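In: here is a sequence with its predicted model. Questions after.
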Amino acid sequence: MTAYEEIFRSSVDDREGFWLGAAGEIDWHVAPTRALDESNPPFYRWFPDGELNVAYNALDRHVDAGHGDRTALVYDSPVTGTKRSYTYAQLRDEVALFAGVLREQGVGHGDRVVIYMPMVPEAAVAMLACARLGAIHSVVFGGFAAKELAVRIDDAGPKVVVSASCGIEGTRVIEYKPLLDKAIELSERKPDSTVILQREQATAAMGERDVDWAEAVGRATPANPVPVKATDPLYVLYTSGTTGKPKGVVRDSGGYAVALAWSMPHIYAVGPGETIFTASDVGWVVGHSYIVYAPLLAGATSVLYEGKPVGTPDAGQFWRVVQENAVKSVFTAPTAFRAIKKEDPKGEFLAQYDVSSLEYLFLAGERLDPETHRWASDLLGIPVIDHWWQTETGWPIAANPAGIELLEIKPGSPTRAMPGWDVQVLDETGKPAEPGVDGAIVAKLPLPPGAFPTLWNDDERYVGSYMSAFDGYYLTGDGGHLDEDGYVFVMGRTDDVINVAGHRLSTGGMEEVLASHPDVAECAVIGVADTMKGQIPRGFVVLKSGVDADAEGYEDGLRAELVQMVRDQIGAVASLKDVAVVPALPKTRSGKILRKTMRGIADGAEEPVPSTIDDATVLDTLRPVLRRQ
């Protein structure tokens, strides 16, 4: 067996031994004597008799071990022209002081704190300060609409909300305080107080409930870490795109710490003193896991970046960050690289920087189309690693474990299941699908440490949404297949599988074909209702910069080419005859294309603007195109 296969097999055959061994990388207040409590399935609990403090593990233990001068966090903000770095000792002191601020506001073990912040170091400080006190944080993406923030406040019931006067989206300054005030007005469960970080780009008017961050820190006394049970919640994170009552994904303390500490050296190949640059946001699970907790648990350096991959000010910013911080691994979403590819298709900005430190590029958050994989691989000349996971799972389900051994890369696949993840593909009857045949991707229970043990205050919905479709399995909601080598191919959400005249077809497969055209920067294919065939696919493509789309007959010619390419590579059964050239595709702030919303509009539904949308004007522009038959 290969090194990967030995480790994976150990995690399946000797679950107790494997994860108790991994738990040895964490400092425990009370060390666990067993790994898993299986007494109440599907509500499994990891390290049930262990006690720890996650913030202590992320900060204090490195200082206590003599590494206080090592850089923990680098803040890089091209939108404000600010750079700042924190050693482990400095970050521990900042976190301890802000924990003191929260303690003065009455926050203690088990209390909730909603964090509504831009990408500034104080957001990470607030998260870690909650963890230090044994409080439960719930980060809401900065700039979320007041109504959506109010729903989350009502669900979490926070004692305190931590926010800032403003955030910066590209070149726009967005004032947060009016949004927060409106959200609290709308909410039934009012917080006792709000702590506000004043930023010079916009100063917030303060009210009776509001506490100034700087003033409060100035008079605070540091708080010590509070040991909590491994099974106690560390945070609640609401799934993106929720409508009505949100799904609050619960993350436990012990299992999460163990899983993340294991993942850093083994998957991302980043260890103590090395640097990872995760270009995401703390409002998303990627930011929780691989900007804040995992790098610090590993004793590594994490870059917290306030900006965009392009436009702040150019498509070379990621390369600048790599050069200035000797970054070893970059982790971002495929959409970020499609944006860079669109603005700088020849990679001319890359030549301006020394990126020789960069060994791996990790992409996740949406399906990585093979064309973007090829472009990034050719540009950088390093392994480009597609990996797949979800808010619910907390860390990768399938990946290429760079720190163990680099497995064969198959474009279109996030490689193989990671330790603890028994990934299978089932057909509609619950039987295993044959290799290469699409079905529902599931994971056999129990899920490994780090995955969600339940939903916040909603065990019934946890079972109904995730655990009841196939007995003994977690339903990922993604469809795809395994090949004969056990490689996972995720073709999209199961509701992105369309049924054309009785044929089940993956829109992801059609997108692969469209994306391979040299003029196409990115694309989306959706299934729309059709009286004859049930559903038919419609394609939407965004062109690369520099393409002369105004040339006579260009668009008609391009459409014909794309339709023929799909016919040649998938077959006439795909019935893709309608491809529209559009200036942009509607996306969430985390970069996911809003295919479900597009599909609803195309089918004639009055689709609301999703709370997670990055730029609502893009959707407004697209509505007439979607609605035409």
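Out: Nice, thanks for sending it over.
In: show me this protein divided up by domain.
Out: Segmentation of the chain into domains, based on automatic domain parsing, reads 3-43+51-248+266-306+417-425, 501-627.
In: which of those domains sits closest to residue 346?
Out: domain 501-627 (9.2 Å; CB to CB). Using the backbone N, CA and C atoms, a C-beta is placed for each residue, glycine as well.
In: distance between the ends of that closest one?
Out: 22 Å (CA to CA, to the nearest Å).
In: now do stretch 110-124
Out: 19 Å.
In: for that stretch, what does the pLDDT average out to?
Out: The average of the pLDDT scores along stretch 110-124 is 98.
In: before we move on, what about stretch 246-266?
Out: 96.
In: also stretch 211-228?
Out: Rounded mean pLDDT across stretch 211-228 is 98.
In: mind listing the helices for the stretch 151-300 of the chain?
Out: 177-186, 213-219, 254-266, 285-287, 294-297 (DSSP state H, counting those that start in this stretch).
In: mind listing the strands for the stretch 151-300 of the chain?
Out: Applying DSSP state E, counting those that start in this stretch to the stretch 151-300 of the chain gives strands spanning 160-164, 166-169, 172-175, 193-197, 210-212, 228-229, 233-238, 248-252, 275-278.
In: and the stretch 401-550 of the chain, by the same measure?
Out: 416-417, 423-426, 439-444, 473-482, 488-493, 497-500, 503-506, 520-530, 534-543.
In: export those to a markdown table and tack on mean pLDDT and mean neighbour count?
Out: Output for these, formatted as a markdown table (pLDDT from 0 to 100; neighbours: other CB atoms under 10 Å):
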| stretch | mean pLDDT | mean neighbour count |
| --- | --- | --- |
| strand 416-417 | 98 | 22 |
| strand 423-426 | 98 | 19 |
| strand 439-444 | 96 | 22 |
| strand 473-482 | 95 | 22 |
| strand 488-493 | 87 | 22 |
| strand 497-500 | 76 | 19 |
| strand 503-506 | 74 | 18 |
| strand 520-530 | 92 | 23 |
| strand 534-543 | 92 | 21 |
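In: tell me how many other residues crowd residue 219.
Out: Residue 219 has 10 neighbours, counted by other CB atoms under 10 Å.
In: repeat for residue 449
Out: 29.
In: surely it and residue 418 touch.
Out: No: using CB atoms under 8 Å, residue 449 is not in contact with residue 418; the gap is 11.6 Å.
In: and the gap between residue 167 and residue 120?
Out: 8 Å (CB to CB, to the nearest Å).
In: hang on, I meant residue 455
Out: 29 Å.
In: ok, now residue 212?
Out: In terms of CB to CB, residue 212 sits 15 Å off from residue 120.
In: more neighbours: the two, which one.
Out: residue 120 (23 against 14).
In: wait, isn't that one in contact with residue 197?
Out: Yes: proximity of residue 120 to residue 197 meets the contact threshold set by CB under 8 Å, at 7.1 Å.
In: now the common contact residues for those two.
Out: Residues touching both residue 120 and residue 197 (CB atoms under 8 Å, 6 or more residues apart in numbering): residue 164.
In: how far does stretch 374-387 sit from its chain's centre?
Out: 20 Å (CA atoms, centre = their mean, to the nearest Å).
In: tell me which residues are up against that stretch.
Out: 267, 337, 341, 347, 350, 355, 358-364, 368, 373, 396, 398-400, 402, 406, 409, 411-415.
In: sort out which residues of it are buried, please.
Out: For stretch 374-387, a neighbour-count test (16 or more other CB atoms under 10 Å) marks 375, 376, 377, 379, 380, 383, 384, 385, 386, 387 as buried.
In: pull up the per-residue confidence for the last one.
Out: Predicted confidence (pLDDT) at residue 387: the value is 96.
In: for it, which non-adjacent residue is spatially closest?
Out: residue 399 (3.6 Å; CB to CB, 6 or more residues apart in numbering).
In: wait, that neighbour touches residue 406, no?
Out: No: using CB under 8 Å, residue 399 is not in contact with residue 406, being 11.0 Å away.
In: who's more crowded, those two?
Out: Legend: neighbour count by other CB under 10 Å for residue 399 and residue 406, higher for residue 399 (26 against 15).
In: what backbone torsions are found at the more buried one?
Out: Main-chain torsions, residue 399, degrees, to the nearest 10: phi -160, psi 180.
In: which residue lies nearest the spatial centre of the chain?
Out: By CA atoms, centre = their mean, the chain has its centre lying nearest to residue 286, at 3.5 Å.
In: thinking again about what came up before, and the buried residues of stretch 374-387, which two are furthest apart?
Out: Pairwise across the buried residues of stretch 374-387, and taking CB to CB, the largest span is found between 379 and 387, at 19.2 Å.
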